[in-house]
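Q: got a sequence here, can you model it:
(chains A, B and C)
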Amino acid sequence: MEKKKKKVLVREKVRVEMPTLAEELSTVGKSKIRVDAYDKVRGKLQYGADFEYPGALVGKVLRSPHPHALIKKIDIEKAKALPGVKAVLKAKDIPGRNGFGAIIPDQPVLCGDKVRYVGDGVALIAADTEEVAVQALGLIDVEYEPLPAVFSPIDAMKPDAPKVHEGGNLLTTAKIRKGDTEKGFSESDVTLERTYTVPILEHAYIEPDVVLAIPHPDGTITVKGPMQAPFTVRRNIASILGVLINKVQCVQTPIGGGFGGKEDSPIDIGARAAVLAWKTGKPVRMEYDREEITLSTCKRHPMTIQCKLGAKKDGTFVALEGTIYNEQGAYASLGPVIPPAGGVHVHAVVMLPGPYVIPNIKVDGYLVYTNHPYGGAMRGFGAPQVNFVHESLIDELAYQLGMNPYDLRLKNCFDLGSETATGQILDQSVGLKETMVKAKEVFKWDEKWRSAPTLKELENVEKRRGIGMAVGWYRTSIGTLGDGCGVNLHLQEDGSVLLYQGLTEMGQGSCTVLSQIAAEALGVDIEDVRVVAPDTDVAPESGPTVGSRSTTLMGNAIMMAADVIKNSLFESASELLGISPCRLVAKNRRIYDREDPSRFVELKEAARRSMVTGRRMMGQGWYAPPKSSLNLETGQGSPYFVYTYSTQMAEVEVDIKTGAVEVVKITATFDIGKAINPMMVEGQIEGGVMMGLGYALMEEVIMKEGMIQNLNLQDYIIPTALDTPEIEPIYIEYPNIHGPFGAKGIGEMPNIPAAPAITNAIANAIGARIYNLPAHSERVYMTIKKRLEKGI
Amino acid sequence: MNQGMNLVWSKSLHWEKYYRPQSIPEALKLLEESGGHARIIAGGTDLIPQIRNKEKEPKVLVDITRLSGLNEIKLENGFIKMGALVTHSQVAESPLIRERALALSEGASRLGSPQIRNLGTVVGNVVSGQPGADTTIPLLALDARVKVVSQRGERIIPFTEFFIDTGKTAVNSTREMVTEISFPPLIENETSISLRLARRKALALPILTLSVVLSADLEKKAFRYARIALGPVAPVPFRAQGAEKLLTSVLITDGIIKEAAQKAAQESNPRTSLIRGSEEYRRAIVANLVERGIRKGIERLEGKHV
Amino acid sequence: MSKEKIQIEVNGKMVTLEVEPDDLLVDVLRGDLGLTGTKVGCRAGECGSCSIILNGKVVTSCLIPAMKADGGKITTIEGLEKDGKLHPLQKAFVEKGAIQCGFCTPGMLLSAKNLLDQNPDPTLEEVKIAISGVLCRCTGYQKIIHAIHVASETIRKQGV
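A: Residues are numbered from 1 along each chain as shown, chains lettered A, B, ... in the order given. Just a heads-up that it's a prediction; the model follows:
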């Protein structure tokens, strides 16, 4: 049926720095030193494991060694009798709801009837010391009856597959139905269909999970630790303890890396410590060992994706079809749908067609339970997986058409006014083409470009270089209905500011960036602003620190809050200056007359006057982005309100005799709307690109019969300093009208096109394609070998 | 019976006694008296992780780092000798070893990380009995020997008799101590090279580590002999003797180099490992890297810096 | 088990400690001495966040029994600054954006210090090798490497 195209106002392409009041910005747009730099560099900043808490008990978890089994019996008597043991808990001892989860609470705090993956929690111990706790774990007798297990989504979807959960293994489906793909493929001059697999990944944040749960005599409980989503932790713990939400306080300690993993793992470790603290009436500390973290906490979803693309011989895309088998693992975590467009699965489905104009699209995505470790949020939230697919497929199609991969992409990619796979019209802030042009120029794509080697060359050469590229897009924020965040700003009489909000600093620089925005908005310096560590007792609901949403959403909320303060502050200043408030401007710790800057008053004077005259000195801001919409049957709607764009180009050198790949250089360009802090933007780019390099070349959680084979950091390998290429981070600013100073998100985008840029470069170096990640030396070598054997 | 204890880790490790003897006889006495429950600790870079993983559970640790005279590298009586406390860093940086046994310096410089190399000892690496240990392999190519001492005296064991199985050597670690490893330095017209392939460039166990000692008469364009050591391609560190035979007193030709490389691949026996790679791949790498090692060795003999 | 007395010089100060025979150095530094700047990331010598300088060499303290350090000389991250004045490396890390979550920062700084103490004018490759024993998941290493170069220049020009 012909859909009525709605009229959308498409804004004129604007590319400038966003001035305020036609004056230069004093804090925003500057590479301010991060607010926690000195403490970190001196080793003074205390992370969760650095706090002493005398008298705290040690908590430990007994875990299932089976991927799927019934629990017939748990005997805890001997463990309870051990001196020094203060509590031994089983499923029935959970005071409230025995289930946790970021979306669906389907993960037992302690399993009662059965276990669903190796590492599932079965019993909890609280003891005086770790030695006693470990000894006590050894005294718990568990009788299991192993059940047949299922380890792949395709197997799990078969009718006779073992059921991981009662409701069946198919957790959710999502679709895109746009146009008529059958017709589209019949009209295509070329079609290319391929199947790709991407592995399970581990976040490998260097700071292990840790938590301290402190019960109070008044029936409240404090849970302290590194966590990206204190409000999610709080609501889960309240249900688990069977108390009102306002009885639970979650306090974030400095996070040593999160990447989405600490959105989910603190719910797990926090709930378990909280239950032990509740039962014993004593503070309980839990720390997960590195192996335990790899074993039990959430992962990046592995996927098997079939994708077919049809195009005209001039390269115009006509139709795309895809099937995504998305392995959720044992529990739901962040996989399923949060209406309308939240959750890893929907996001992956919606992003599979890539940032390209394609009139006919049919995608089916299946999110399936298995007896494997479960998928949660990991930087990119489904996008890295599907980006690898569309960028590999399009690249291969380019070669097939005899077109330069750059030209094929440029021909089809989004521009202002383009319609996406979901029928959304991109009406503002679309800098994708510009990122391509810039990357091409800086990387010297044209000079470096050459075709893949012939067979003869491949046979005779030791090493061969190649170049490749990939483009990507990524949403800002999470596409749910409840995507809002609040902030309280309090101006003090000396001009200093306290900022209460719940988004968490995990290295990405949110504290610094939000301080910069607050400082700019209020007219103070960044040193005058203190971001109070997120504490759910004190901060307004802010949502989780995920989805690259912090700068944009909280930045907007801060600006609103600042306006409230300035309204009252200007009244005081007006009285001091004898000038109407509407002529006043706050900047650089002064409030001055816009028409005559020589007439000013120190901001703290005005603040003092506000204090003394009983004027309001606090402002609250609440920001929710433009409403998200998505029809799950058709995949049509406007799921996310703005996107960041990126182009990445990679040069690699492949050792043909071993398959080892060295990445020589990566140029990574981004349209980020506005760089609030340029140096930190570069840091996010460089770090994200390296994470993408790890995805491309070396990272995978290796499974065997449900058991992880590489639990420690010796065998789960992430890049070291010696694995780094030269990275050129470049950003371009196409202001986002919905963002503070035009900003949109950056945190996740860098690690998305990096992997296919590298694997496309490998393809250029060896003349054969990589369809499965990681492209470690064996995979590359075998791909070369197959090409040589096939003789093409 | 408790299942799942292999999924329990802890912060602290456990042993009962920690001794720091001041002399070798004292160390040996402590070993004997512990009735099989003691282990020597030098760098601890293998032992401590093994204790954490419960692969080893010694009740007593005998710390030899106070013993004097064991941290020297010296040339004596025609042998380069390294004491039990010589670290990988020392070997990597030693001018003597760089000049007279470059492959060993290369091997020692690539394993682990600076931290591991500063702590870990060559003797410890060898005694670990791992078939792909990064200093074992060059030492095997260098025809090294091990001096083992116990209360019953001392013996010298050549490398060819030292390795019994994966993780098992001719040393009884509960009663004996290796005090020194020695090998004849390279002579004129002899060169050496080490190559390594791993999944990343630091902190990674090797998929393959390989050392070649090569002697050739460049004027006559003929190989005199070669010693090719590699691992992990067998339960113990491996000498590709079939390949070595092919490179004995023959003209240097492309063909013979390739044939020797293929022979090395055939005679080695890597197994499929989920973490390090399939047998097929590992065998292919043996051939390619042995060939590369031989060619680079020739280039080194020609005076090129490769 | 009875405790044993050990003496170590930590950040220029002699300390006497009573430790269990199986205490690990990282736990003694963090627990007994309250020097929590040294971190624990993996307890297997793989991540480098427990790095300290012991007797002039950077090592991973999670692999070292406390008793092994008896009589030794240790520098932890807390000992890098002198009388509240930051070491040029610390200053460069701050100014060049080489810190994100900060968890690897102590290990990186001590690895870099150990390098510059022995090699005041390192090449790019030498800097990478020097920090190859500390895993960073945040920065991609670029700004860390740059900061080390900047600090090496500062030190060469004006001394530490």
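Q: show me where chain C has its strands.
A: For chain C, the strands defined by DSSP state E occupy C:4-10, C:13-19, C:51-54, C:57-60, C:73-75.
Q: and among these, the most buried is which?
A: With neighbours defined as mean count of other Cβ atoms under 10 Å in any protein chain shown, the strands of chain C peak in mean count at strand C:57-60, which reaches a mean of 28. Glycine gets a C-beta too; all of them are placed from N, C-alpha and C.
Q: what pairs with that strand, parallel or antiparallel?
A: Strand C:57-60 pairs in its sheet with strand C:51-54 (antiparallel), by DSSP bridges.
Q: what helix or strand is the residue of the stretch 201-306 of chain B found nearest chain C located in?
A: Closest residue of the stretch 201-306 of chain B to chain C, Cβ to the nearest Cβ: B:Ala202 (3.6 Å). Using DSSP states H and E, B:Ala202 is not contained in any helix or strand.
Q: distance of the residue nearest to it when sequence neighbours are not counted from A:Ala721?
A: For B:Ala202, ignoring the flanking residues on the chain, the nearest one in space by Cβ to Cβ, 6 or more residues apart in numbering or on different chains is C:Ser132 at 3.6 Å. Going from C:Ser132 to A:Ala721 by Cβ to Cβ, to the nearest Å gives 5 Å.
Q: residues shared between the contacts of those two?
A: Common neighbours of C:Ser132 and A:Ala721 (criterion: Cβ atoms under 8 Å, 6 or more residues apart in numbering or on different chains): B:Ala202.
Q: can you pull the contacts of the residue of the stretch 201-306 of chain B closest to chain C?
A: Going by Cβ under 8 Å, 6+ apart, the list of residues near B:Ala202 reads A:720-723, B:112-113, C:129, C:132-133.
Q: ok, it to C:Glu46 distance?
A: B:Ala202 is 10 Å from C:Glu46, where distance means Cβ to Cβ.
Q: how many residues are close by the closest residue to chain C within the stretch 251-400 of chain A?
A: Of all residues in the stretch 251-400 of chain A, the one sitting closest to chain C is A:Gly256 (3.2 Å; Cβ to the nearest Cβ). Applying other Cβ atoms under 10 Å in any protein chain shown, we find 30 residues neighbouring A:Gly256.
Q: how about B:Ala204?
A: B:Ala204 - counted by other Cβ under 10 Å - has 23 other residues nearby.
Q: nearest spatial neighbour of it, chain-adjacent residues omitted?
A: Leaving out its chain neighbours, the residue that sits closest to B:Ala204 by Cβ to Cβ, 6+ apart is B:Ala198, at 3.9 Å.
Q: return the set of residues that bridge with the one you found.
A: Assessed by DSSP bridges, B:Ala198 has beta-bridge partners B:Pro206.
Q: run through the residues that contact it.
A: Applying Cβ under 8 Å, 6+ apart, the residues near B:Ala198 are B:204-207.
Q: which one of these has the most neighbours?
A: Neighbour-wise, the contacts of B:Ala198 (other Cβ under 10 Å) top out at B:Ile207, 25 neighbours.
Q: surely that residue touches A:His776?
A: No - look at B:Ile207 against A:His776 with Cβ atoms under 8 Å: they stay out of range, at 9.3 Å.
Q: what residues does the stretch 1-150 of chain B have near chain C?
A: Applying Cβ under 8 Å from any Cβ of the partner chain, one finds that the stretch 1-150 of chain B approaches chain C through B:11-18, B:20, B:41, B:43-45, B:48-49, B:52, B:61, B:63, B:65, B:89, B:112-116, B:118-119.
Q: 7 Å - rerun?
A: Residues of the stretch 1-150 of chain B lying close to chain C by Cβ under 7 Å from any Cβ of the partner chain are B:11-18, B:20, B:44-45, B:48-49, B:52, B:61, B:63, B:65, B:113-116, B:118-119.
Q: show the pLDDT at residue 228.
A: Looking at chain A here, since you left the chain open. We have a pLDDT of 98 for A:Gln228.
Q: not what I meant, chain B
A: Looking at B:Ile228, its pLDDT reads 98.
Q: again with A:Glu52
A: At A:Glu52, pLDDT is 87.
Q: before we move on, which element is it in?
A: Using DSSP H and E, A:Glu52 is not contained in any helix or strand.
Q: that one: neighbour count?
A: Other residues lying near A:Glu52 total 10 when counted by other Cβ under 10 Å.
Q: break the chain into its domains for me.
A: Picked chain A for this. A:48-147+A:203-296, A:303-479+A:629-790, A:484-623 (automatic domain parsing).
Q: oops, wrong one, chain C.
A: Structural domains annotated on chain C: C:4-79, C:88-158, as defined by automatic domain parsing.
Q: quick revisit: now a PyMOL select for only the buried ones of the residues of the stretch 1-150 of chain B next to chain C.
A: To isolate the buried members of the residues of the stretch 1-150 of chain B next to chain C in PyMOL, using 16 or more other Cβ atoms under 10 Å in any protein chain shown:
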select buried, chain B and resi 11+13+15+17+18+20+44+45+48+49+52+61+63+65+113+114+115+116+118+119
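Q: and stretch C:25-39, what's its mean pLDDT?
A: If you average the pLDDT over stretch C:25-39, you get 98.
Q: contacting residues for the closest residue to chain C within chain A?
A: Nearest residue of chain A to chain C (Cβ to the nearest Cβ) works out as A:Gly43 at 2.2 Å. When contacts are counted by Cβ atoms under 7 Å, 6 or more residues apart in numbering or on different chains, A:Gly43 touches C:37, C:77-78, C:106.
Q: for A:Gly694, same thing?
A: Going by Cβ under 7 Å, 6+ apart, A:Gly694 touches A:718-719.
Q: host element of it?
A: Assigned by DSSP H and E, A:Gly694 belongs to helix A:678-697.
Q: now do the buried residues in that helix.
A: Going by neighbour count (16+ other Cβ under 10 Å), the buried part of helix A:678-697 is A:679-697.
Q: what residues does chain B put near chain A?
A: Contact residues, chain B versus chain A (Cβ under 7 Å from any Cβ): B:1-12, B:197, B:199-204, B:274-275, B:277-278, B:281, B:284-285, B:288-289, B:292.
Q: low-confidence stretches in chain A?
A: By pLDDT under 70, the weakly predicted segments of chain A are A:1-23.
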